[in-house]
Every structure is written in C-alpha cells, then in structure tokens.
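1. no sequence on hand, only this structure:
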C-alpha cells in the first residue's frame, strides 16, 4: 500500500492527534475573549507602557513566532499552548492593522479587501493541496500551516473591518452573524467548514467591538475602563476557561461526529 493511501486509511483514527480543539460553546467563548484581547493588549504595551508601535510589534512578532514553533513541535493538542497562540495572533492582528494604517497609510478598506483575497486564496491552495478543509484532522505540518495562516488572516480582516464601523453596530452585526453561522451548521447539506470559518471571522470584530465599548467614555455609552483593566480582566477570563477545559477535557479532539455540528 502506498504511503499516501495508507495515510488516507489511517487518518480517521488520527483525529486523536489533531492539533485543534473540539468545537464547543467553550471554544467560541474563549475565541471571543481572545479577539477582545487584541486591541487593549496592543495599546497597553505600545501606548500605556510607552514602548511605541515599532518596538511592540517586534516584541510581539518574536513572541508569536516562538510560540507558533512550539505549537508546531507539539505532538498533540495542548489547550494552553493552542490558546496562547490564538491570543498572540489576535494581538498581532491588531498590530498589523495599526502598522498598515499608521505607518504605511494603507486605507482600512484596502486592508479588508487584501486580507479577504488572501484568505480566499489560502482556502483554495489548502483544498488543492489536501483535498479537504477539515478542521478536525489538523494532524500534519502542512495542514497546520494552512490552518494558522487562515486564522491569522481572519484576525487581520476582522480587525480592519470592525474599525470601519461603529463599535455598537459591529457588536450587534457580529452577534447576529455568529447566530446565523451556528444555525447554518445544523442545516443538512451545508458544508461544516462554511459556518465554522464564518463564525471564526465574525467573532473577531465582535470581540474587538466589545473591548472598544468597555474602553469608550461613559458619555459615549462605554464603561471607560482603562486598557490595563480590560487586558487583565480578559486575559484572566481566558486563563480560567482554558484551565477548566484542560482539567475537564471538554475540548479534546473527538472521533464522535454525531455531536459535532461544525
């Protein structure tokens, strides 16, 4: 039996080796929190701590690269490592948009279009190379590369798109889109990857809008919480939830397709 054929036969049993978590309500809650952490953490380091955009970007890019390399070297899904990677990519997504807007003076609309085209191109190349876009069999280095590139592009696209809209509108639109994606995932005949990536994308502007509303002045309808407080609160919530799913194994990769809507 050829190595390719043998790999195809064994793949269903290798889902236990998948490097991505089971998609559950905990996944989406942590994802929204991770999305909400991007802007305040970037502002905390760049503005409040006085590091500036350039130094903050270099530091976060270095940290993100190191963590991603560790993530790739892991033999299986590790909740803490996976979500640390997501949080860092969230912050980097904010910093990328900041650099494009403030340093290179790229209009937000151009960033949205470019990120959308790159994301679509990633899915095309991913499918051409792997003949699947399954998020439940991220069990090879190449599939994991495609997965994280797609994730990073959703953060950039979602952040830029949110900045084009009013925060309250983004929050409502993101919540509605997330609910629609959830319902679509349960409709027979709809490919699971479509509602998943739609939900993954819209949770980014939703999270950013939530963090913006928390930091907005009271007379503008916000809670006027400083970036330090927002960052600490969001990161503490992420840590608590990740510790919970790690202890309970609620998000371990599963072979049970009957309980998997995504």
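-> Nice, thanks for sending it over. All values derive from a computational prediction rather than experimental measurement.

2. which non-adjacent residue is nearest residue 109?
-> Nearest non-adjacent residue to residue 109, counting by CB to CB, 6 or more residues apart in numbering: residue 164, 6.8 Å away. From N, CA and C alone the C-beta is placed, and that goes for glycine too.

3. my read: that neighbour touches residue 112, true?
-> Yes - here residue 164 reaches residue 112: they are 6.8 Å apart, a contact under CB atoms under 8 Å.

4. residues near the nearest residue to residue 79 once chain neighbours are set aside, how many?
-> Leaving aside its chain neighbours, residue 79 sits nearest to residue 246 (4.4 Å; criterion: CB to CB, 6+ apart). Applying other CB atoms under 10 Å, we find 15 residues neighbouring residue 246.

5. output the below-cut-off pLDDT ranges for the chain.
-> Applying pLDDT under 70 to the chain flags the ranges 1-17, 166-192, 220-222, 254-262.

6. helices along that one, start to end?
-> For the chain, the helices defined by DSSP state H cover 3-10, 25-43, 52-73, 79-98, 108-130, 141-163, 167-184, 193-215, 227-248.

7. in CSV, list those along with distance to residue 18.
-> Converted to CSV, the helices of the chain look like this (distance: least, CB to CB, whole Å):
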stretch, distance to residue 18
helix 3-10, 13
helix 25-43, 13
helix 52-73, 13
helix 79-98, 11
helix 108-130, 14
helix 141-163, 9
helix 167-184, 21
helix 193-215, 14
helix 227-248, 15
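
8. more crowded one of residue 164 and residue 112?
-> The residue with more neighbours, out of residue 164 and residue 112, is residue 112; 20 against 13, by other CB under 10 Å.

9. returning to what we had before: how close does the residue nearest to residue 79 sit to residue 88?
-> For residue 246, the distance to residue 88 (CB to CB, to the nearest Å) stands at 18 Å.

10. and residue 132, by the same measure?
-> 27 Å.

11. so the two - more neighbours on which side?
-> Comparing residue 132 with residue 88 by other CB under 10 Å, the one with more neighbours is residue 88, at 23 against 13.

12. if I look at residue 164, how far off is residue 148?
-> For residue 164 relative to residue 148 (CB to CB), the value is 25 Å.

13. of all the helices of the chain, which one comes closest to residue 19?
-> Residue 19 sits nearest to helix 141-163 of all the helices of the chain, at 5.5 Å, using CB to CB.

14. quick check on the residue nearest to residue 109: phi, psi?
-> Dihedral pair for residue 164: phi -80, psi -10, per degrees, to the nearest 10.

15. which residue, other than its chain neighbours, is closest to residue 217?
-> Nearest to residue 217 is residue 224, by CB to CB, 6+ apart, at 5.2 Å.

16. and the one you found, how far from residue 235?
-> On the measure of CB to CB, residue 224 and residue 235 end up 20 Å apart.

17. which one of those two has more residues nearby?
-> When neighbours are counted by other CB under 10 Å, residue 235 comes out ahead of the other of residue 224 and residue 235, with 17 against 12.

18. contact partners for the more buried one?
-> When contacts are counted by CB atoms under 8 Å, 6 or more residues apart in numbering, residue 235 touches 37, 41, 87.

19. from the residues you listed, which is closest to residue 205?
-> Closest to residue 205 out of these is residue 37 (14.0 Å), distances taken as CB to CB.

20. in stretch 23-37, what counts as buried?
-> Residues of stretch 23-37 classed as buried: 23-24, 26-28, 30-37 (neighbour count, 16 or more other CB atoms under 10 Å).
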